[in-house]
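Undergrad: Sequence first, then the predicted structure, then my questions.
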Amino acid sequence: MAVDYTIRGGVAVLTLDNPPVNGLGHATRLGIVEGIERANDDADVRAIVLIGAGKAFSGGADITEFNTPKATQEPTLMTVIKALEASAKPVVAAIHAVAMGGGLELALGAHYRIAAPGAQIALPEVKLGLLPGAGGTQRLPRVVGLETALNMIVSGAPVPSEKLAQTALFDELAEGDLLDRALSFANRAADRGGPYPKVRDRKIEHPNAEGFIQFARNGVAAVAKHFPAPHKCIDAVEKGVKEGFERGLAFERECFLALVQTPESRALRHAFFGERAAAKISDVPSNTPVRKIERIGVIGAGTMGGGIAMNFLNAGLPVVLLETKQDALDRGLATIRRNYEAQVKKGKLTQEKADERMALIAPTLSYSDLAQADLIIEAVFEELSVKEQVFRQLDEVAKPGAILASNTSTLNLDKIASFTKRPDDVIGMHFFSPANVMKLLEVVRGEKTGKDVLATVMQLAKKIRKTAVVSGVCDGFIGNRMIEQYIRQALFMLEEGALPAQIDRAIESFGFAMGPFRMSDLAGNDIGWAIRKRRYREQPELHYSRVADRLCEMGRFGQKTGAGWYDYQPGKRDASPSKAVDDMIVAYSGECGIERRMIGDEEIVERLVLSLVNEGAKILEEGIAGKASDIDMVYLAGYGFPLWRGGPMLYADTIGLYNVERAMRKYARQPNGQAWRPAARVTELAAADGRFNA
Ligand code: NAI
């Protein structure tokens with residue numbers, strides 16, 4: 001039963017009961033309307049209380065009904081709210097914990113609202129590229145005032161109920177038992193008699209509404225350049241201010257229907273659901289038992305090890321940090337301390353918290369100190385022989401059932417697992433640099449990795465607030481394997497006629513946080529060089545431009561050497577185009593006998609993005625990624641792909657696979673075209689008018 005109906009001393013209590021957050025699915029909506037009718041028909045009932053069971057009043061739309069016919073089936077939320085407003089007997093919404101989105105709109109349809117302190121009140125639709133579609137933009141300003149309402153609607157951020165206690169949103173802030181308080185409130189309301197107040201009849205008061213709306217518009221223009229929804233939120237509120245409730249409501253509806261269709265909203269919803277979907281692994285049921293993780297071990301206190309340790313310290317888990325030499329250990333600890341000090345200075349962390357976190361680290365030079373760890377993550381040098389030495393020692397000291405993880409970015413995890421007698425306990429946890437900041441975590445599932453090990457690490461990832469995506473074992477896993485093809489295209493385009501600054505500019509205008517050359521300068525050009533040298537040996541048939549090798553031969557390793565694809569002033573990160581590099585590129589084209597041509601920005605973007613798509617398709621075919629949205633999550637969380645485009649695979653869906661394949665065939669006919677054989681999955685989908693994200 002989605003809505004429970006009981007009578008308590010002449011008051012009908014409608015309890016929403018649709019776990020986990022009383023989403024307003026069809027059965028719930030129907031239950032509310034029926035309950036209101038039943039209460040109105042019952043001569044013994046004098047008032048109605050609407051309350052939520054469990055963890056929330058209501059979290060809003062039922063996300064399991066998204067994109068299904070049930071989402072729009074009558075009674076819609078609009079109809080439910082009308083039924084509340086029209087009730088001849090007073091309706092009191094009793095709010096605890098969460099009233100968000102449709103849940104808040106529902107409460108705004110009641111005659112009265114009382115709230116428990118600490119309830120989170122929000123209209124978060126804007127975060128999905130939408131606006132509140134059931135009167136939120138019209139009713140909220142009428143109770144909390146124009147400024148507070150606009151801030152809430154445009155930001156989507158939750159506000160605790162006690163902060164809104166002085167507004168007309170709440171008739172009472174209820175300490176103690178919420179239902180008791182609601183029942184007594186409802187009785188008093190019935191005693192006073194009707195007509196009962198409706199939010200829609202209130203006025204929006206503001207001394208200078210027009211001025212404030214303009215002010216809000218200016219603020220949004222700066223932060224929401226690529227997203228239409230915040231602008232529409234303001235438009236809808238303004239309509240209500242200027243033309244009244246009914247017109248405002250109709251306009252809100254119109255805007256909602258238009259926004260649902262925008263690629264930006266589709267991208268945001270894709271990211272929202274994709275993140276949740278990434279946590280679900282098809283052959284690992286959600287009730288798979290997990291191991292208890294209370295103590296962490298980290299081996300290697302270098303660039304990655306320190307950042308990895310911080311993730312766990314931040315979550316309150318003690319970390320044993322192991323190094324081979326005291327000075328390396330001291331350096332690693334000093335870096336962690338410096339990071340926390342910087343956060344304290346910026347006011348993001350209290351000194352007390354910083355001290356608490358530092359106190360959770362136990363530095364050591366001895367493997368025996370890892371004996372109690374439940375999870376040990378290795379971040380030592382990227383050499384198989386070093387990994388072998390580490391995992392053989394771990395096998396000796398780690399307790400039975402401990403999870404042994406590697407942060408390797410290029411080595412074969414199955415090989416690493418084979419150094420132990422417990423390969424089912426071995427897993428990859430591929431963090432991104434800086435590991436304490438970057439959201440992405442690729443969880444690498446080896447051939448023998450236990451399902452409970454995988455489930456445990458996925459759960460832990462949530463605890464340390466990472467976007468975790470499962471990847472199979474292959475060179476580069478999901479993210480780096482795809483980026484290699486993207487960089488390969490960027491280099492081809494250099495020899496064909498483009499220059500680094502042009503390529504970076506084009507892809508940055510598409511929305512990438514950083515173009516490939518600025519990115520390589522930041523990461524260090526020697527890293528790619530080492531990978532290419534391995535490729536030349538292992539896959540001599542694979543065609544590569546050698547122009548980046550020339551750059552490395554000039555000693556231009558990037559920011560760390562003050563020179564890379566760009567020139568850098570000492571101590572600064574601003575990239576300025578380098579004449580020496582541009583001359584080298586032009587000379588290199590000449591040596592290869594290539595006649596340089598003008599390459600348009602459109603071609604640059606298409607070749608870079610579609611190279612990701614093509615490799616992504618192969619990754620899906622091979623089962624390295626479980627679903628297309630997983631790939632998109634990797635690119636959104638770890639590679640600066642523009643959020644409003646939803647990731648490379650959704651982008652391909654948006655332009656259509658037919659067009660994607662045609663473009664690939666076109667590039668296949670050009671010089672360097674050998675990189676452009678469309679993946680089988682691309683061809684199949686193009687023929688069937690299909691999508692990666694069906
Ligand atoms: P790093 O050179 O900064 O740190 C490695 C640390 O491991 C050094 O402090 C070294 O003293 C220590 N170490 C070496 N052998 C050891 C042993 N036998 N026992 C204990 N400690 C030992 O290297 P970085 O960049 O932190 O990389 C570590 C791992 O993380 C590598 O596998 C790398 O591929 C991977 N990785 C690196 C990323 C990056 O952006 N730097 C990104 C993702 C993964």
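TA: In hand now; what should we look at?

Undergrad: Which parts of the stretch 51-200 of the chain are helices?
TA: 77-86, 102-109, 136-144, 146-155, 178-192 (DSSP state H, counting those that start in this stretch).

Undergrad: and the shortest one with helix 77-86, angle?
TA: Taking axes from the mean of the first three to the mean of the last three CA atoms, to 10 degrees, one finds helix 102-109 and helix 77-86 inclined to each other by 30 degrees.

Undergrad: for helix 102-109, packing partners?
TA: strand 47-52, helix 77-86, strand 91-95, helix 136-144 (3 or more CB pairs under 8 Å, 6 or more residues apart in numbering; DSSP states H and E). The way it works is simple: take the backbone N, C-alpha and C, and place the C-beta from them, glycine included.

Undergrad: Just the CA atoms of the longest one, as CSV, please.
TA: Coordinates of the C-alpha atoms in helix 77-86 are reproduced here as CSV (Å, rounded to 0.1, in the frame of the first residue of the first chain):
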residue,chain,number,x,y,z
LEU,A,77,1.0,15.6,-9.3
MET,A,78,-0.8,18.6,-10.6
THR,A,79,-4.1,16.8,-10.1
VAL,A,80,-3.1,15.6,-6.7
ILE,A,81,-2.3,19.1,-5.6
LYS,A,82,-5.6,20.4,-6.9
ALA,A,83,-7.3,17.8,-4.9
LEU,A,84,-5.5,19.0,-1.7
GLU,A,85,-6.4,22.6,-2.4
ALA,A,86,-10.0,21.8,-3.1
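
Undergrad: Return the set of buried residues in it.
TA: Residues of helix 77-86 classed as buried: 77, 78, 80, 81, 83, 84, 85 (neighbour count, 16 or more other CB atoms under 10 Å).

Undergrad: closest to the ligand among those residues?
TA: When these are ranked by distance to the ligand (CB to the nearest ligand atom), residue 77 comes first, at 45.6 Å.

Undergrad: and that closest one, what does it touch?
TA: By CB atoms under 8 Å, 6 or more residues apart in numbering, the contact list for residue 77 reads 24, 29, 61, 102, 105, 106, 133, 134.

Undergrad: is it true that the second one touches residue 78?
TA: It refers to residue 29. No - counting by CB atoms under 8 Å, residue 29 stays clear of residue 78, with 9.9 Å between them.

Undergrad: returning to that earlier point: need the buried ones from the contacts of residue 77 selected in PyMOL.
TA: Applying 16+ other CB under 10 Å to the contacts of residue 77 leaves a buried subset, and the PyMOL line that selects it is:
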select buried, resi 24+29+61+102+105+106+133+134
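
Undergrad: Once you drop chain neighbours, what's closest to the residue in the stretch 1-150 of the chain positioned nearest to the ligand?
TA: Closest contact between the stretch 1-150 of the chain and the ligand, by CB to the nearest ligand atom, is at residue 127 (29.5 Å). The spatially closest residue to residue 127, leaving aside those adjacent along the chain, is residue 156, at 4.4 Å (CB to CB, 6 or more residues apart in numbering).

Undergrad: tally of neighbours for that neighbour?
TA: 21 (other CB atoms under 10 Å).

Undergrad: Mean pLDDT and distance to residue 222 added to the helices and strands packed on helix 102-109, as a markdown table?
TA: Converted to a markdown table, those look like this (pLDDT from 0 to 100; distance: least, CB to CB, whole Å):
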| stretch | mean pLDDT | distance to residue 222 |
| --- | --- | --- |
| strand 47-52 | 98 | 37 |
| helix 77-86 | 98 | 33 |
| strand 91-95 | 98 | 34 |
| helix 136-144 | 98 | 21 |
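
Undergrad: With distance to residue 270 added, can I get these in a markdown table?
TA: Converted to a markdown table, these look like this (distance: least, CB to CB, whole Å):
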| stretch | distance to residue 270 |
| --- | --- |
| strand 47-52 | 29 |
| helix 77-86 | 23 |
| strand 91-95 | 31 |
| helix 136-144 | 23 |
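
Undergrad: Could I get these in CSV, plus columns for distance to the ligand?
TA: Shown next, in CSV, are the helices and strands packed on helix 102-109 (distance: least, CB to the nearest ligand atom, whole Å):
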stretch, distance to the ligand
strand 47-52, 44
helix 77-86, 46
strand 91-95, 45
helix 136-144, 43
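
Undergrad: List the residues that contact the closest residue to the ligand within the chain.
TA: Here the chain gets closest to the ligand at one residue, residue 302, 1.8 Å apart by CB to the nearest ligand atom. By CB under 8 Å, 6+ apart, the residues touching residue 302 are 328, 332, 379, 380.

Undergrad: now residue 141
TA: Here residue 141 is in contact with 149, 150, 204, 237, 240, 241 (criterion: CB under 8 Å, 6+ apart).

Undergrad: Of the residues you listed, which is the most crowded?
TA: Counting neighbours by other CB under 10 Å, residue 237 leads these with 28 neighbours.

Undergrad: Give me the packing partners of the helix or strand containing that residue, helices and strands only.
TA: Applying DSSP states H and E as the criterion places residue 237 in helix 229-243. Under the contact definition 3+ CB pairs under 8 Å, 6+ apart, helix 229-243 sits against helix 136-144, helix 146-155, helix 209-223, helix 245-260.

Undergrad: so which of the ones you listed gets nearest residue 573?
TA: With respect to residue 573, and counting by CB to CB, the nearest of these is helix 209-223 at 22.8 Å.

Undergrad: so what secondary structure elements neighbour the closest one?
TA: Short answer (3+ CB pairs under 8 Å, 6+ apart): helix 209-223 packs on helix 146-155, helix 229-243.
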